[in-house]
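*Asks:* curious how this folds, go ahead:
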Amino acid sequence: MTFRSRSGGPSKRSKKGKQTHTRKLHHPPAAIPETPITPPHSPTSLPLPPHTEPFNPPDSELLALLHRSLHSTLSDDNFLINVQRIKGLLRDKRWLEVFCGSEEILESYAGRWVPSRAVCFRELMAGLVGEVFGDESAGLERQLEGLKLNKGDDSEDEDDDEEEQEEDEDNNEDDTEVVQKSETTPQSPAADPSSAESTGESSDQPTHHILSLGGGAGSEFLAISALIRSTLIKRPHSHPKWSWTGIDIGNWHGVLRKIEDAIKVDWKIESDVLDVEYIKGDLMAPVQEVSDSQSTPDASAAGPVDIDRILTAKPPKLITLLFTLTELLSQSRPRTLSLFKSLTQNSPPGTLFLVADSASDISEFTLGAEGRKWPVWMIVDAMLNGKQKGWEKVRGEDSRWFRFEDGVGAGWPCKLENTRYWYRLYKRVE
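*Replies:* Numbers count the residues shown, from 1 in each chain. Modelled structure (predicted):
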């Protein structure tokens, strides 16, 4: 296009103006990656993988056992009334009014909160501390036997003549015994002549001590018993022994006795396999001179607990503090720190310490002059995590859900709710 001046002069070609701004290029947008790039997880914060096999006994069997144990309470007309009263007290953080309450209140609490927590704790401990409930040497022996059998099969394929010669030799008896061991299932070990030897070996197995702080309601006890039951099903003649000690401020003897009786009948877990002890005592009370009468189950009032003596008498392989830490910190933070100090000083290297609690805002505490709220798991990490503090963090999640499978617990007298919680697993180091 040309332009002329008003005076009729020669045509004037237009010049391109100098570009004074950045020209916008109409390129297509960059492709969005299908999977967003996220920073790698720390090995200690990786979520627990889902279980590849269903639990045995299943969750429904745990609930059925507990229902039979607490049938009189669950069928009582006042059960739901007591549950609503307990909810109000817990909401107001009036812990002692619940856990130092009457037997009716304690059994109502167990009927409402133990079902979901026992199933949740079983799932958590199975994924984190399975070695406490299994026999590692037995698994190794089975692998070695499998290698021997496979090696024998290979020699069959390579040289049939050598196999015929071996069948005529006296060593064939040893091979027959190996085959018999592999063909005998854990559910029917009676026909195996080596079962007598296995039974003899079980008496030499070590005892794994488990200490549950605040475990009076029975959630930990039922979860631990279910894991032991699973081990007995898999290896009835090759397993360790266990002992469980629960310490709590309430008079939980009746609840625990009912659960223990049902476990002995339904799961055949006798006292020679699992030794059970419950100590009624106050973990927050200062220890001065603790007499034997203060730590016996018949004591009418919860006296101080000599945790140092308990840890020394039975060095635990596992310590649990499940859904209890918030209550302890609410009562006294200095004494809670003192309790943790005692655990550190008296737990041998290798001891596992499993801590878990609700991930709701009820587990937040105000610290510092600014009044900032901190989650309990962050406080625990500050107290324990680090070699200089005596513990090493093995694994943990700041938020994790436990959900019942469809239909499980549908017939319970009250609604069994899912649980969102956090957990930490620490290991005692030198």
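*Asks:* okay, helices next: where are they in the stretch 201-350 of the chain?
*Replies:* Under the criterion DSSP state H, counting those that start in this stretch, the stretch 201-350 of the chain contains helices at 219-234, 253-267, 307-313, 325-331, 333-346.
*Asks:* which neighbouring elements make contact with the second one?
*Replies:* Contacts defined by 3 or more Cβ pairs under 8 Å, 6 or more residues apart in numbering; DSSP states H and E place helix 253-267 against helix 59-69, helix 103-128, helix 219-234, strand 274-280. Any C-beta I mention is one placed from the backbone N, CA and C, and that applies to glycine too.
*Asks:* let's see it at 6 Å
*Replies:* Secondary-structure packing of helix 253-267 (3 or more Cβ pairs under 6 Å, 6 or more residues apart in numbering; DSSP states H and E): helix 59-69, helix 103-128, helix 219-234.
*Asks:* the shortest one: which residues count as buried?
*Replies:* Taking 16 or more other Cβ atoms under 10 Å as the neighbour-count basis, helix 59-69 is seen to contain the buried residues 59-60, 62-63, 65-67, 69.
*Asks:* how far off helix 219-234 does it point, in degrees?
*Replies:* Put simply, helix 59-69 runs at 120 degrees to helix 219-234, going by axes from the mean of the first three to the mean of the last three Cα atoms, to 10 degrees.
*Asks:* now swap in the second one and tell me
*Replies:* Regarding helix 103-128 and helix 219-234, their directions subtend 50 degrees when assessed with the same axes, to 10 degrees.
*Asks:* can you give me the strands in the stretch 151-300 of the chain?
*Replies:* 207-213, 241-248, 274-280 (DSSP state E, counting those that start in this stretch).
*Asks:* give me the contacts around the longest one.
*Replies:* The set of residues that contact strand 241-248 without belonging to it, under Cβ atoms under 6 Å, 6 or more residues apart in numbering, is 205, 207-216, 224, 228, 274-279, 281, 305.
*Asks:* each with direction, which strands does it pair with?
*Replies:* Using DSSP bridges, strand 241-248 pairs in its sheet with strand 207-213 (parallel), strand 274-280 (parallel).
*Asks:* just send the ones you listed back as TSV, with distance to Pro49 and mean neighbour count too.
*Replies:* Formatted as TSV, these follow (distance: least, Cβ to Cβ, whole Å; neighbours: other Cβ atoms under 10 Å):
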stretch	distance to Pro49	mean neighbour count
strand 207-213	24	23
strand 274-280	28	20
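*Asks:* figure out which of these is closest to Glu97.
*Replies:* Set against Glu97 and scored by Cβ to Cβ, those come closest in strand 274-280, at 16.9 Å.
*Asks:* quick one, the closest one and helix 253-267 angle?
*Replies:* Using the same axes, to 10 degrees: strand 274-280 against helix 253-267 is 170 degrees.
*Asks:* about what we covered before: out of the helices and strands packed on helix 253-267, nearest to Ala356?
*Replies:* When these are compared by Cβ to Cβ, helix 103-128 sits nearest Ala356, at 6.6 Å.
*Asks:* helices or strands next to that closest one in the packing?
*Replies:* Contacts defined by 3+ Cβ pairs under 6 Å, 6+ apart place helix 103-128 against helix 59-69, helix 71-74, helix 79-91, helix 219-234, helix 253-267, strand 419-428.
*Asks:* CSV please, covering the ones you listed and showing mean pLDDT.
*Replies:* Below are those laid out as CSV (pLDDT from 0 to 100):
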stretch, mean pLDDT
helix 59-69, 97
helix 71-74, 97
helix 79-91, 96
helix 219-234, 97
helix 253-267, 97
strand 419-428, 96
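*Asks:* name the stretch among these that sits most buried.
*Replies:* Ranked by mean neighbour count under mean count of other Cβ atoms under 10 Å, the helices and strands packed on helix 103-128 are led by helix 219-234, which reaches a mean of 23.
*Asks:* can you name the residues in contact with that one?
*Replies:* By Cβ under 6 Å, 6+ apart, the residues outside helix 219-234 that reach it are 56-57, 62, 114, 117-118, 121-122, 133-134, 186, 212, 239, 242, 244, 259, 263, 267, 269, 274, 320.
*Asks:* now the buried members of these.
*Replies:* The neighbour count (16+ other Cβ under 10 Å) marks 57, 62, 114, 117-118, 121-122, 133-134, 212, 239, 242, 244, 259, 263, 267, 269, 274, 320 as buried among the contacts of helix 219-234.
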